[in-house]
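J.: coords below, sequence missing:
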């Protein structure tokens, strides 16, 4: 064997390789040591969304719907009486009538938070649920094969759609639970389901049925995956291959039955199902309650939903993989639900981006490798795909979620301290006094009168929050309680239609609080012998009967 002295180039190569190995070892050690401290992209997204809703640019959204007012008072009522209200306690017109407070579990949660930290605590819970929801959207997009950058863009578009209904009301729990059901159904269909997964559905719906009525949509989604499993088993020519979807379909059928029976585990039993059915099939109410009507596509949130639909068309047109039957059915139902009702837009948008995300990502990769594509486009896509792949590797290496946990706890402590952190006030959740009659309600609260107050349905919910129990309302936005007949009368009264004066007498109305310049306020102004204005500002006016 002949030994030759190494050249300068060879020496530098050996040293460079040694340094690279040392740096790689240090990187691996550092990653193993600090992976529980370094925030992941999902952690950053969670903290960003959480703070945006709690104290940032979206902090005005959770309390922009006064409907949360009667939820807070219901929670306090349950906590004080240690029992659910079975009859209406808040209105003079429905006093003693049967009332289904089916969202009682959520009401208890916000009742506890409100007692401890006021409206800051209510918004804190909303921010937590919303942040968990959209972090789950991002996580599922990445898990299903969507590149990181594309996943973030799709998640942000879905979040913009959700702003149309981003209120601190129980429906936001249904956003999160619907996504969890979708993720569980996906794992089951991919034969990636742990043994406990079938039990997730009936156990989770036990809580869901007492939180919000969105469990109806979840059962419909479950039925779609069951139908897809049946279709797959029937159209598979290979008998042995058909056994897998057939077995899954039978298991899903049993789980679906058990989950349906689990919805009876509520304080009202099967009567709740009858009540919800009658409410949702009341065409008069559905055509007049704004959130149940079809969306107005002049707003930004519906426009973002249209953007998702355009991306879906692109994804399906250039797809590189076969689209599963369950995804086709889910997309059709999501699109229909979104066009049917504006309150469905957030969930529809989330389901659509989760389905089209992997398709769009495959299309981008295929276009990056297509020889006929423009060089600048291919180069840009190659860089985007490569960067996303590197970031995903780092994302998988980071295991801990320390910083989101710290953000949640610190924010809760700040809420419990009245929104103060040291000498700085970080949080001050409140109803918008330029849109909601905050000052007018304060005037009524200081009056010695205990007469019921008539107002619009949405403002009635705020008056429950401000005036109960000293004063009751004539009507509020619990439309399922009042029914179509009383809602029709309310519209006749507020819009000054024929018969409005008779309704004032029949309902024994002595005090009204109305938006300034509204039709009824203008009519009462023309009756100075019968009504006198006792309060007025830029938002609301109060008239009392002489």
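T.: The structure has been received and is ready for your questions. Since the model is a prediction, treat every value here as computed from it, not as a measurement.
J.: Any buried residues in stretch 412-429, and which?
T.: 412, 414, 415, 416, 419, 426, 427, 429 (16 or more other C-beta atoms under 10 Å). (Each C-beta comes from the backbone N, C-alpha and C, glycine too.)
J.: Now, those residues that are in helices?
T.: Among those, DSSP state H puts 412, 414, 415, 416 in helices.
J.: With pLDDT as extra columns, can I get the buried residues of stretch 412-429 in JSON lines?
T.: Shown next, in JSON lines, are those (pLDDT from 0 to 100):
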{"residue": "412", "pLDDT": "97"}
{"residue": "414", "pLDDT": "97"}
{"residue": "415", "pLDDT": "97"}
{"residue": "416", "pLDDT": "97"}
{"residue": "419", "pLDDT": "96"}
{"residue": "426", "pLDDT": "95"}
{"residue": "427", "pLDDT": "97"}
{"residue": "429", "pLDDT": "97"}
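J.: Using TSV, lay out those together with distance to residue 49.
T.: Formatted as TSV, these follow (distance: C-beta to C-beta, whole Å):
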residue	distance to residue 49
412	16
414	17
415	17
416	22
419	20
426	17
427	16
429	17
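J.: out of those residues, who's nearest residue 527?
T.: Closest approach between the buried residues of stretch 412-429 and residue 527, by C-beta to C-beta: residue 429, at 39.2 Å.
J.: Let's see the pLDDT reported for the closest residue to residue 79 other than its chain neighbours.
T.: Nearest residue to residue 79, sequence neighbours excluded (C-beta to C-beta, 6 or more residues apart in numbering): residue 111, at 5.1 Å. We have a pLDDT of 98 for residue 111.
J.: And residue 25, by the same measure?
T.: At residue 25, the pLDDT recorded in the model is 45.
J.: what does the one 5 residues further on give?
T.: In the predicted model, residue 30 carries a pLDDT score of 43.
J.: now swap in the one 4 residues further on and tell me
T.: Confidence per residue is given as pLDDT, and for residue 34 that number is 66.
J.: now swap in the one 5 residues further on and tell me
T.: Per-residue confidence for residue 39 comes out at a pLDDT of 88.
J.: likewise residue 374?
T.: 71.
J.: Next: residue 18.
T.: So residue 18 comes in at 42 (pLDDT).
J.: what helix or strand does the spatially most central residue of the chain sit in?
T.: For the chain, the residue nearest the mean C-alpha position is residue 172 (3.3 Å; C-alpha atoms, centre = their mean). According to DSSP states H and E, residue 172 maps onto helix 171-189.
J.: Contacts for stretch 332-350, please.
T.: 133, 137, 157-158, 161-162, 164-166, 171, 174-175, 178-179, 214, 217, 220-221, 224, 290-296, 301-302, 304-305, 308-309, 351-352 (C-beta atoms under 8 Å, 6 or more residues apart in numbering).
J.: Contacts only, for the spatially closest residue to residue 370 that is not a sequence neighbour.
T.: Excluding the flanking residues, the one nearest residue 370 by C-beta to C-beta, 6+ apart is residue 378, at 7.2 Å. Residue 378 makes contact with 367, 368, 369, 370, according to C-beta under 8 Å, 6+ apart.
J.: how about 10 Å then?
T.: 367, 368, 369, 370, 371, 372 (C-beta atoms under 10 Å, 6 or more residues apart in numbering).
J.: got it, and residue 419?
T.: By C-beta under 10 Å, 6+ apart, the neighbours of residue 419 are 55, 117, 118, 119, 120, 425, 426, 427, 428, 429.
J.: if you set the cut-off to 7 Å instead, what comes out?
T.: Applying C-beta atoms under 7 Å, 6 or more residues apart in numbering, we find residue 419 in contact with 120, 425, 426, 427, 428.
J.: just checking, which of those belong to strands?
T.: Residues of the contacts of residue 419 located in strands (DSSP state E): residue 425.
J.: got the contacts of residue 419 as JSON lines, with distance to residue 487 columns?
T.: Output for the contacts of residue 419, formatted as JSON lines (distance: C-beta to C-beta, whole Å):
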{"residue": "120", "distance to residue 487": "33"}
{"residue": "425", "distance to residue 487": "41"}
{"residue": "426", "distance to residue 487": "41"}
{"residue": "427", "distance to residue 487": "36"}
{"residue": "428", "distance to residue 487": "35"}
